[in-house]
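1. Got a sequence here, can you build the structure:
(chains A and B)
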Amino acid sequence: DAKTTQPNSMESNEEEPVHLPCNHSTISGTDYIHWYRQLPSQGPEYVIHGLTSNVNNRMASLAIAEDRKSSTLILHRATLRDAAVYYCNTYSGGGADGLTFGKGTHLIIQP
Amino acid sequence: DTGVSQDPRHKITKRGQNVTFRCDPISEHNRLYWYRQTLGQGPEFLTYFQNEAQLEKSRLLSDRFSAERPKGSFSTLEIQRTEQGDSAMYLCASSRSGTPTEAFFGQGTRLTVV
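-> The predicted structure is shown next:
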């Protein structure tokens, strides 16, 4: 069973904010929420992670629901270079549970 | 450091042949992961190492797949008796151990079995 659920695709306009949702209703207390993205013909790249509090970095913001069963990746001002597949996953960082990926959300940016 | 390096970038092989891919992780990273990715799908986790120990290998796709990391540095993924269904992108990633961890991915090796 998938640990996370994301919409298959989303579309946004350039220079507008984008909110990418992720449901992770079975998250455990020690799991971090990670977001990666994959640009065409490249390996995935790390975007952001968080545990309970909202997080900001130079690429994006991560808003985590109070019950931690969902989160939202926020791109404040999308550019054409943000067109990619965005993956949300939960990972405790320990044991034999490697980073696993679902199908992700294909983000399309319209000029 | 130039990041995670994978070799070769592309491999075309005939069905039934064996292939081996190499991954050189970021030097200070003790964790190394292998993934397979087919078109339109997310990366599918195969196995991972912490130093030279292979901590998870139950998700290797069949007994034709094996991975090694003999000295805790570079790793190899071997596929024996390749089949057309093995055609995919094979990705390697590395990270430090601990929580949380940011994984860095290589560009991948694209395998085509003809």
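2. does the residue nearest to residue A:73 when sequence neighbours are not counted sit in a helix or strand, and which one?
-> Distances taken as C-beta to C-beta, 6 or more residues apart in numbering or on different chains put residue A:20 closest to residue A:73, at 4.3 Å, once the chain neighbours are dropped. C-beta here means a position set from N, CA and C on the backbone, and glycine is covered the same way. For residue A:20, the host element (DSSP states H and E) is strand A:18-23.
3. give me the element residue B:54 is part of.
-> strand B:53-56.
4. quick one: the strands in chain B?
-> B:5-7, B:10-13, B:19-24, B:31-37, B:44-50, B:53-56, B:65-68, B:75-79, B:88-95, B:104-105, B:109-113 (DSSP state E).
5. So what are the sheet partners of the second one and their directions?
-> In the sheet, strand B:10-13 lines up against strand B:109-113 (parallel) (DSSP bridges).
6. C-alpha coordinates for the strand it pairs with, CSV please?
-> Extracted C-alpha coordinates of strand B:109-113, given in CSV (Å, rounded to 0.1, in the frame of the first residue of the first chain):
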residue,chain,number,x,y,z
THR,B,109,21.8,4.3,-16.0
ARG,B,110,19.3,3.7,-18.7
LEU,B,111,19.2,0.0,-19.6
THR,B,112,17.7,-1.2,-22.8
VAL,B,113,17.3,-5.0,-23.3
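7. What lies in contact with that strand?
-> B:6-15, B:19, B:21, B:79, B:82-90 (C-beta atoms under 8 Å, 6 or more residues apart in numbering or on different chains).
8. Quick one: mean pLDDT over stretch A:71-83.
-> The predicted model gives stretch A:71-83 an average pLDDT of 96.
9. now do the same end-to-end measure for it.
-> Its first and final residues considered, stretch A:71-83 spans 20 Å by C-alpha to C-alpha, to the nearest Å.
10. Check what contacts that stretch and list those residues.
-> The contact list for stretch A:71-83 (C-beta under 8 Å, 6+ apart) reads A:12-22, A:24, A:33, A:35, A:37, A:39, A:47-48, A:50, A:59-65, A:86, A:88, A:107-109, A:111.
11. Any of those buried? List them.
-> Neighbour counting by 16 or more other C-beta atoms under 10 Å in any protein chain shown classes A:12, A:18, A:20, A:22, A:24, A:33, A:35, A:37, A:47-48, A:50, A:60-64, A:86, A:88, A:107, A:109 among those as buried.
12. From the residues you listed, which land in strands?
-> Per DSSP E, the buried ones among the contacts of stretch A:71-83 map to strands at A:12, A:18, A:20, A:22, A:33, A:35, A:37, A:47-48, A:50, A:61-64, A:86, A:88, A:107, A:109.
13. Within its sheet, name the partner strands of the host helix or strand of residue A:72 and how each one runs.
-> According to DSSP H and E, residue A:72 maps onto strand A:70-75. Here strand A:70-75 is paired, per DSSP bridges, with strand A:18-23 (antiparallel), strand A:61-64 (antiparallel).
14. and the last one, average pLDDT?
-> Over the span of strand A:61-64, the pLDDT mean works out to 97.
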